[in-house]
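A.B. asks: build me a structure from this.
(6 chains)
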There are 6 protein chains.
Amino acid sequence: MRASTGVEGLDEMLNGGLIPGRTYLVKGGPGSGKTILSMLFLVEGAKRGENCIYVTLEEPINEVKEDMKNVGVDIDSFDNIHMFDASPSGETLFGNSFFRNLELDIPGFKAALEAKIEELKPTRIVVDPITILELASKSEVEYRRDMMSLFNIFKVHKVTALLTSEKTGVSPEDFLVSGVIEYVEYEIRGRLIRGIRIRKMRGTAFDESIRPYRITSEGIKVFSEENIFE
Amino acid sequence: MRASTGVEGLDEMLNGGLIPGRTYLVKGGPGSGKTILSMLFLVEGAKRGENCIYVTLEEPINEVKEDMKNVGVDIDSFDNIHMFDASPSGETLFGNSFFRNLELDIPGFKAALEAKIEELKPTRIVVDPITILELASKSEVEYRRDMMSLFNIFKVHKVTALLTSEKTGVSPEDFLVSGVIEYVEYEIRGRLIRGIRIRKMRGTAFDESIRPYRITSEGIKVFSEENIFE
Amino acid sequence: MRASTGVEGLDEMLNGGLIPGRTYLVKGGPGSGKTILSMLFLVEGAKRGENCIYVTLEEPINEVKEDMKNVGVDIDSFDNIHMFDASPSGETLFGNSFFRNLELDIPGFKAALEAKIEELKPTRIVVDPITILELASKSEVEYRRDMMSLFNIFKVHKVTALLTSEKTGVSPEDFLVSGVIEYVEYEIRGRLIRGIRIRKMRGTAFDESIRPYRITSEGIKVFSEENIFE
Amino acid sequence: MRASTGVEGLDEMLNGGLIPGRTYLVKGGPGSGKTILSMLFLVEGAKRGENCIYVTLEEPINEVKEDMKNVGVDIDSFDNIHMFDASPSGETLFGNSFFRNLELDIPGFKAALEAKIEELKPTRIVVDPITILELASKSEVEYRRDMMSLFNIFKVHKVTALLTSEKTGVSPEDFLVSGVIEYVEYEIRGRLIRGIRIRKMRGTAFDESIRPYRITSEGIKVFSEENIFE
Amino acid sequence: MRASTGVEGLDEMLNGGLIPGRTYLVKGGPGSGKTILSMLFLVEGAKRGENCIYVTLEEPINEVKEDMKNVGVDIDSFDNIHMFDASPSGETLFGNSFFRNLELDIPGFKAALEAKIEELKPTRIVVDPITILELASKSEVEYRRDMMSLFNIFKVHKVTALLTSEKTGVSPEDFLVSGVIEYVEYEIRGRLIRGIRIRKMRGTAFDESIRPYRITSEGIKVFSEENIFE
Amino acid sequence: MRASTGVEGLDEMLNGGLIPGRTYLVKGGPGSGKTILSMLFLVEGAKRGENCIYVTLEEPINEVKEDMKNVGVDIDSFDNIHMFDASPSGETLFGNSFFRNLELDIPGFKAALEAKIEELKPTRIVVDPITILELASKSEVEYRRDMMSLFNIFKVHKVTALLTSEKTGVSPEDFLVSGVIEYVEYEIRGRLIRGIRIRKMRGTAFDESIRPYRITSEGIKVFSEENIFE
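C.D. replies: Numbers count the residues shown, from 1 in each chain, chains lettered A, B, ... in the order given. Predicted coordinates:
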């Protein structure tokens, strides 16, 4: 059984979808559509009646909702998508405590998140983006340990997790997750050509080509039969 | 409803203009026209009778005004454009306090700015450039937190903000703002070819091509139908 | 006498297999197949009735087992493959002690591993991956010394060892081990082309070409007669 | 009214010359002719009967004078060009005090320079080069602040300033000054091709091409009608 | 009189061999053949009845001997080749003392080595590799000073020394030694092409071309008449 | 009047030679011939009956003399070339005191050198190489200040100085000296092509091309009429 990403063409590239209970990474530059993709993943779960958790560490929740309206999704119509603002402008206790003591509260963040998981019993979770978690780590070894232990929380509770990352190229998280979906862009004669590819996917065959995609008023459209260079 | 940038061709590239109440970034190298673009954005608001705030962290206000005269704009004729000099040569209390205690006063800068916003109730604000804010931050995590909290001030007061940045390539701010307008240049056989492009724009479709522009005695002219490589 | 890697085409590239009692490195990017290759190496030994040790420092053991099922191997059917979880999510004492005191416990890790070697008398051992060992070292000189002393443990107990590494390019480990097997990839017009090559192999002639490989439902297939660029 | 640079072809590239009362930067590699260009700028002012100040932070004054003789200029024949040696080999109090306490005396340098400006009331000033000012700064933020405050001294006293810099590529100073004149060089089949270009110029149109130049026994000759690549 | 390297084609490239009493460097990537070349240099001296010293700082002595058997040399048959294990796995006092106090014992290493030189009066010496000596140095200036003083020991005792280095490109040692022999490799369409060249040789003319070489069952064969690119 | 470099073709490239009383830099990679060129410069002065000083900071004096014999020069036949060994293996007080207290003795080095200059009244001086002076400096600002003050000693005593440097590319010294002579090399299809060029020369016209050179049994031969790329 696979967990659909909520994006048809991407499911095809993934040979059906993601493997439930594992952690995946969505990487991409500014404006590539990481938040939209991860919200569509939650919407797909919500439509099946499952509880979902979205944690923002950056963009305010209101703006995420506005932007989702532009791709045809009214987040407020899903009462099983639970959104938490852990950004510095967030008003939830959750966020405040994280940002109040930057150096100490990654454990606090994990504890708060685990408490929410135990309360809501979600099948899907998104953390968008993980950048600040790495920046707040004292060393790469500490960061890797904390991420592995966070993924273990997801694993123990059988949640499929999608994390977004602002990094390009190969980075430590790529090795720790079960799969990496990557937005790429090429500048050809002054025009940006955008594509999506699967960079890594444990436990399944997958489409290794870069496929074109478009963000439309109805979501993300991945052209899984087209080649970006043709 | 969109907020016009005051530059016709650029509004077309933006599919009408900027989304009110959000924060945007204008990036570009030395002499590309960041200050002129951001002042034109304020002039557009001022013409509609709205209050506007311009904060310089670098170029003296007199020189900004002189340079604007060269593009056909007499800033002094707008009494609803409020200019504040937060540069080290500034004489306003505002600026002096910021530079007197470099390490301590980013919170002070934000507090002073918020006080001005509450007093003047502007619809548009420019901070030109943000470079020194990053340089004065102790770490990227602190810088990101401070910027997100600054953007939140703009959001709460429903101000559309334009920040300028001297950085090229992808940088942390790009992920935090709602959109990025970027000046680019190519050197072709010893001549600089200049262009402008939208690098990111949340919540709207936009023109992804690089378009040529010119700074003339009447402002900035963006040739939104022309291609820089033709 | 050579030790077969459990991958037919790779044995041919190696002129028969690995030299017993020495330490080798498998390098590659995320998702290249390092864990699968190193597990197949152990399975080969297990089929010959030898004891084998697998130590994970990253991926949970359950996921390794799931992924191996996808390449047609049921690890649980081999009772002479002993798997130890030294990752932060590991429940064995072994792992906990290592991660409890990151700075102090590389000696502890080595001692625990040597105790297991003395108890189980394995002929083959895998440490997957070694990344965290380097990250936890205070300096390159300390790291090199610790690795050389770890390899000496393998040598004294006549174990053939395969270590995996997430690094690309030339790195310190390459000089310390007896051989380096490297996964490489090229991006050609938006498609990843994957290959495997022997980068170094002391004490034997070997095939110096890059050969294509595929991860299939029956393991890893190396096409030792084909050329990746033809 | 523009201030002529004293180099005919360069004035043409600048659309008449520099804007009085502002600060400009001349950048270039070793031996490109930064000192000669900046001295010619002062000679032009001196010929008009204006007082000029030259501050060297590197090359001894005697050698500057010798080198100027090779381009046909006898500096000693101008009694309104006031030369100050702030280099470590300088004998003037001015220089000694600067180098005696490297960490403390950038303010002292500015104070001494302002005293000279008040005494001599120059229209033109050259600081050649500014490299040591940046090296002696504790951070980029301190350096930017000190430079902005130095430029403000020039501005208050209505002096047109030319600073030389040994840096290539875009650097912080480029953003702070009103204009950047840059020597460039290309190596084509073992021969250096040298050119000059305007990289930035606020408040005026200018020639954006790279033009060839030559240092001759009569000064600097810029071929403002020729193209370096033809 | 020249000292033969023990590799015929290489002697031809060197115009007869090395100049006795000087120190040389052999550089190369993992698996290029640095240890084999340096041992062949000692074997050549041993065959002439001279005493030789080999010091390993990395590969265990047993493995060096095994690998030499693969190129047709039985090191144990030469009782005038004295091998010392200064690696962390070494059992000689010599090695233990070096690694026991990493920061203090480079002087101790030099003293121990000089004592051995005085006892054995060798004509040839190999230190393989010198990497750890640089890593254990507190600064480049300390490293250069220590290396120069080590070379002086060799000089005073009229020993011809060959050091191996894992560095590629130009590095500090290159300037300090009398000559540099370098293994190079090129990747051409997925195949490694290997060659050897003389990078520097004081006091003699030499062949400046890159020549192909092969490690065979009879040693190293340098094709001093062939060109790697033909 | 120019000071001949002692290398005919190079004098032609320099339009007659070096300007007396100034400081010049010779840059080049390992084995390019920096020491030979600087010694030939002294030999040229010695033949004219002038006193010369050579200070080595790296290669032992005996080896310099041996290497000069290979290019046809017997240094010992010139009793007006005074050689000082300031390397760590040097036996003169001069050298020992420098290396005994690395951090304190750059002033001591300058004082000792100035004493020798006052005693011997040389017209020419060589410091070969200056690398260790930079490495022993605490910062670039300190290094620049010390070098400028060293050059001032030469200037005051009217000595023409040639310093050698192991750096390639543009480095701080290039800006401080009156001229830069640079050895360059290109690798073309596995063969090193060597050339020499004038990178900077204040106060004179000069040949800007790269010219081929050869180190022969009679010195250095610069082919000032030939082009390296033809």
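A.B. asks: residue A:220 contacts residue A:7, correct?
C.D. replies: Yes. With contact defined as C-beta atoms under 8 Å, residue A:220 counts as touching residue A:7 (5.0 Å). No exception for glycine: its C-beta is placed from N, CA and C like everyone else's.
A.B. asks: joint contacts of the two?
C.D. replies: Counting by C-beta atoms under 8 Å, 6 or more residues apart in numbering or on different chains, the common neighbours of residue A:220 and residue A:7 are A:37, A:40.
A.B. asks: which of these two has more residues huddled nearby?
C.D. replies: Between residue A:220 and residue A:7, counting by other C-beta atoms under 10 Å in any protein chain shown, residue A:7 is the more crowded of the two (25 against 20).
A.B. asks: these two touch, right, the more buried one and residue A:219?
C.D. replies: Yes. Here residue A:7 reaches residue A:219: they are 6.9 Å apart, a contact under C-beta under 8 Å.
A.B. asks: now the common contact residues for the two.
C.D. replies: Contacts common to residue A:7 and residue A:219, judged by C-beta under 8 Å, 6+ apart, are residue A:40.
A.B. asks: burial measure for residue A:2, as a count.
C.D. replies: With other C-beta under 10 Å as criterion, residue A:2 counts 14.
A.B. asks: can I assume it is in contact with residue A:10?
C.D. replies: No. Assessed by C-beta under 8 Å, residue A:2 is found out of contact with residue A:10, at 11.6 Å.
A.B. asks: how close does residue A:61 get to chain F?
C.D. replies: Separation of residue A:61 from chain F (C-beta to the nearest C-beta, to the nearest Å): 49 Å.
A.B. asks: what about stretch A:31-40, near chain C?
C.D. replies: No. Stretch A:31-40 does not reach chain C (C-beta under 8 Å from any C-beta of the partner chain); its nearest approach is 16.0 Å.
A.B. asks: what are the ranges of the helices in chain A?
C.D. replies: Along chain A, counting by DSSP state H, helices occupy A:8-13, A:34-47, A:61-70, A:93-100, A:106-120, A:131-135, A:140-156, A:172-176.
A.B. asks: residue A:17 touches residue A:11, doesn't it?
C.D. replies: Yes. Residue A:17 lies in contact with residue A:11 (C-beta under 8 Å); the separation is 4.9 Å.
A.B. asks: list residues touching both of these two?
C.D. replies: A:2, A:4, A:5.
A.B. asks: and the last one, how many residues sit next to it?
C.D. replies: The one in question is residue A:5. Residue A:5 has 26 nearby residues by other C-beta under 10 Å.
A.B. asks: show me what contacts the closest residue to residue A:183 other than its chain neighbours?
C.D. replies: Among residues not flanking residue A:183 along the chain, residue A:28 sits closest, at 3.2 Å (C-beta to C-beta, 6 or more residues apart in numbering or on different chains). Contacts for residue A:28 (C-beta under 8 Å, 6+ apart) come out as A:34, A:164, A:166, A:168, A:182, A:183, A:184.
A.B. asks: distance check, the fourth one against chain F.
C.D. replies: Computed as C-beta to the nearest C-beta, the residue A:168 to chain F distance reads 29 Å.
A.B. asks: now do the same for that residue: its pLDDT.
C.D. replies: Looking at residue A:168, its pLDDT stands at 83.
A.B. asks: tell me who's in contact with it.
C.D. replies: Applying C-beta under 8 Å, 6+ apart, the residues near residue A:168 are A:27, A:28, A:29, B:170.
A.B. asks: quick one on the thing from earlier: export the helices of chain A to TSV and tack on mean pLDDT, mean neighbour count and distance to chain B?
C.D. replies: Shown next, in TSV, are the helices of chain A (pLDDT from 0 to 100; neighbours: other C-beta atoms under 10 Å in any protein chain shown; distance: least, C-beta to the nearest C-beta, whole Å):
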stretch	mean pLDDT	mean neighbour count	distance to chain B
helix A:8-13	95	19	19
helix A:34-47	98	23	8
helix A:61-70	94	17	5
helix A:93-100	51	17	6
helix A:106-120	90	16	11
helix A:131-135	88	21	4
helix A:140-156	91	19	12
helix A:172-176	94	20	16
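A.B. asks: save those helices as CSV, and put in distance to chain D too.
C.D. replies: Putting the helices of chain A into CSV (distance: least, C-beta to the nearest C-beta, whole Å) gives the following:
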stretch, distance to chain D
helix A:8-13, 39
helix A:34-47, 30
helix A:61-70, 30
helix A:93-100, 24
helix A:106-120, 29
helix A:131-135, 20
helix A:140-156, 26
helix A:172-176, 29
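A.B. asks: point me to the residue of chain A nearest chain C.
C.D. replies: residue A:200 (2.8 Å; C-beta to the nearest C-beta).
A.B. asks: what's the closest non-adjacent residue to residue A:144?
C.D. replies: The spatially closest residue to residue A:144, leaving aside those adjacent along the chain, is residue A:172, at 5.8 Å (C-beta to C-beta, 6+ apart).
A.B. asks: with adjacent residues omitted, what lies nearest to the residue of chain A found nearest chain E?
C.D. replies: Ranked by C-beta to the nearest C-beta, the top residue of chain A for proximity to chain E is residue A:208, at 18.4 Å. Leaving aside its sequence neighbours, residue A:208 sits nearest to residue C:192 (C-beta to C-beta, 6+ apart; 5.0 Å).
A.B. asks: who's that neighbour bridged to?
C.D. replies: residue C:187 (DSSP bridges).
A.B. asks: I'd say it and residue C:185 touch.
C.D. replies: Yes. Using C-beta under 8 Å, residue C:192 is in contact with residue C:185, at 5.1 Å.
A.B. asks: how much space separates the residue with the largest distance to the centre of chain A from residue A:229?
C.D. replies: What lies farthest from the middle of chain A is residue A:189; by C-alpha atoms, centre = their mean that is 31.1 Å. Separation of residue A:189 from residue A:229 (C-beta to C-beta, to the nearest Å): 14 Å.
A.B. asks: got a pLDDT number for residue A:186?
C.D. replies: pLDDT, read off for residue A:186, is 84.
A.B. asks: so what's it up against?
C.D. replies: So residue A:186 contacts A:192, A:193, A:195, A:228 (C-beta under 8 Å, 6+ apart).
A.B. asks: identify the residue spatially nearest to the second one, adjacent ones excluded.
C.D. replies: With C-beta to C-beta, 6+ apart as the criterion, residue A:193 has its nearest non-adjacent residue at 4.6 Å, and that residue is residue A:186.
A.B. asks: ok, residue A:107 to residue A:175 distance?
C.D. replies: 23 Å.
A.B. asks: I meant to write residue A:216 there.
C.D. replies: 34 Å.
A.B. asks: related to what we said a few turns ago, neighbours of the residue of chain A closest to chain E, how many?
C.D. replies: 17.
A.B. asks: same question, the one 5 residues further on
C.D. replies: Using other C-beta under 10 Å as the criterion, residue A:213 is surrounded by 23 other residues.
A.B. asks: would you agree it is in contact with residue A:193?
C.D. replies: No. With contact defined as C-beta under 8 Å, residue A:213 does not count as touching residue A:193 (10.9 Å).
A.B. asks: residues contacting the residue of chain A found nearest chain B?
C.D. replies: Of all residues in chain A, the one sitting closest to chain B is residue A:31 (2.8 Å; C-beta to the nearest C-beta). Residues near residue A:31 by C-beta under 8 Å, 6+ apart: B:179, B:180, B:199, B:200, B:201, B:202.
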